[in-house]
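Engineer: Okay, here's the prediction I keep looking at, along with the sequence it came from:
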Amino acid sequence: MELLLLTADPEPTSVLPSLALLPHGLRTAAPEVAALLDAGPHDAVLVDARHDLAAARSLCRLLGSTGLDVPVIAILTEGGLVAVSLEWGVDEVLLPGAGPAEVDARLRLLRARRTPDGAGADGALVLGELVIDEATYTARLRGRPLDLTYKEFELLKYLAQHAGRVFTRAQLLQEVWGYDFFGGTRTVDVHVRRLRAKLGPEHEQLIGTVRNVGYKFVRPVRSVLGGASAEPAADERAEPDEEDAPGRPPMPRSPRSGGSWGDPRVVRPAAWARGV
């Protein structure tokens, strides 16, 4: 396996010494998301979380929001294990003193649990607890079949195939409905609303609304602690969908009026959250 280690340690071999005894390729880079994007292809990302747990947690969450389907492994001290939770979004944890046999076994099992591009053994698209089978035009959530119309299935499949990427309503009309469709963009809002209703309250946030842009499929948070959820990033803000306010700019609703300031379906780009 080709591994990428994100660490600020001047002696990266001290982070997980057992790697030196294994045949896996290892590259090191600064603990930044940009390093992940510039590092080229790799099979897994190791994050040095031995010293700064808060920074490591933020980095792991950011790595999960890039849209790159690469497993993340946190390397923590024994005392740091108590801080790991679902919010980290990691696939595996390792102690610095783990032996070569343990490290190799965990890497092999991690690779066996994952398949390229989220494809299942039968060619189905697997994203967390959601399975989309294009061959049979069926979608299942936790093994439960979703009763989707043809266009609802096509919309869900298209967003899931490009998980993490934001599409405008016009783009979705063109890609899912086709060039010969003469309906308005409200059609997209209606189908998204129906999809969220069928996904249910626990999973409706899989389809996120990006403020003033459109929609995206929110990749489920990965965790070795069990389960998967599409947990919103720290810069997400609430915003009603366009169908809630046709013909005028969307206005935030208070919880009293039926909305929620912390609606996890809404994704707000980090740059906008900073006021850029």
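Structural biologist: Cool, got the structure.
Engineer: Beta-bridge partners for residue 139, please?
Structural biologist: Beta-bridge partners recorded for residue 139 (DSSP bridges): residue 132.
Engineer: ok, now which ones touch it?
Structural biologist: By Cβ atoms under 8 Å, 6 or more residues apart in numbering, the contact list for residue 139 reads 130, 131, 132, 133, 145, 146, 148, 153, 156, 157. In short, each C-beta sits where N, CA and C put it, glycine included.
Engineer: so what's the second one closest to, chain neighbours aside?
Structural biologist: Leaving aside its chain neighbours, residue 131 sits nearest to residue 140 (4.7 Å; criterion: Cβ to Cβ, 6 or more residues apart in numbering).
Engineer: quick one: the residue nearest in space to the middle of the chain and residue 140, what's the gap?
Structural biologist: Residue closest to the average C-alpha location in the chain (Cα atoms, centre = their mean): residue 219, at 2.8 Å. Separation of residue 219 from residue 140 (Cβ to Cβ, to the nearest Å) stands at 18 Å.
Engineer: Of all the residues in stretch 44-57, which ones are buried?
Structural biologist: 44, 45, 46, 47, 48, 49, 50, 53, 56, 57 (16 or more other Cβ atoms under 10 Å).
Engineer: Quick check on the fourth one: phi, psi?
Structural biologist: Dihedral angles phi and psi of residue 47 (degrees, to the nearest 10) take the values phi -110, psi 120.
Engineer: Hmm, residue 56 and it touching each other?
Structural biologist: Yes: Residue 47 is within contact range of residue 56, at 5.7 Å (criterion: Cβ atoms under 8 Å).
Engineer: Where does the prediction get shaky in the stretch 1-150 of the chain?
Structural biologist: By pLDDT under 70, the weakly predicted segments of the stretch 1-150 of the chain are 37, 40, 66-69, 113-123.
Engineer: just the helices in it please.
Structural biologist: 33-38, 53-64, 100-113, 150-161 (DSSP state H, counting those that start in this stretch).
Engineer: what secondary structure does the residue nearest to the centre of the chain sit in?
Structural biologist: coil (DSSP: H, G, I helix; E, B strand; the rest coil).
Engineer: was I right about it contacting residue 162?
Structural biologist: No: contact between residue 219 and residue 162 fails when scored by Cβ under 8 Å: they sit 10.5 Å apart.
Engineer: circling back: so who does the residue nearest to residue 131 touch?
Structural biologist: 130, 131, 133, 146.
Engineer: switch to 10 Å and redo it
Structural biologist: 124, 126, 129, 130, 131, 132, 133, 146 (Cβ atoms under 10 Å, 6 or more residues apart in numbering).
Engineer: cool, residue 52 as well?
Structural biologist: 8, 31, 58, 59, 80.
Engineer: State the distance from residue 137 to residue 20.
Structural biologist: Using Cβ to Cβ, we find residue 137 at a distance of 49 Å from residue 20.
Engineer: So between the two, which is more surrounded?
Structural biologist: residue 137 (12 against 9; other Cβ atoms under 10 Å).
Engineer: what's the spacing between that one and residue 124?
Structural biologist: Residue 137 is 11 Å from residue 124, by Cβ to Cβ.
Engineer: just the buried members of the contacts of residue 52?
Structural biologist: Neighbour-count burial (16+ other Cβ under 10 Å) applied to these gives 31, 59, 80.
Engineer: what are the ranges of the strands in the protein?
Structural biologist: Counting by DSSP state E, one finds strands in the chain at the ranges 2-6, 25-29, 44-48, 72-75, 92-94, 125-127, 130-133, 138-141, 144-145, 166-168, 207-210, 214-217, 266-267.
Engineer: can you redo the buried ones among the contacts of residue 52 as a markdown table with distance to residue 106?
Structural biologist: Output for those, formatted as a markdown table (distance: Cβ to Cβ, whole Å):
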| residue | distance to residue 106 |
| --- | --- |
| 31 | 21 |
| 59 | 20 |
| 80 | 17 |
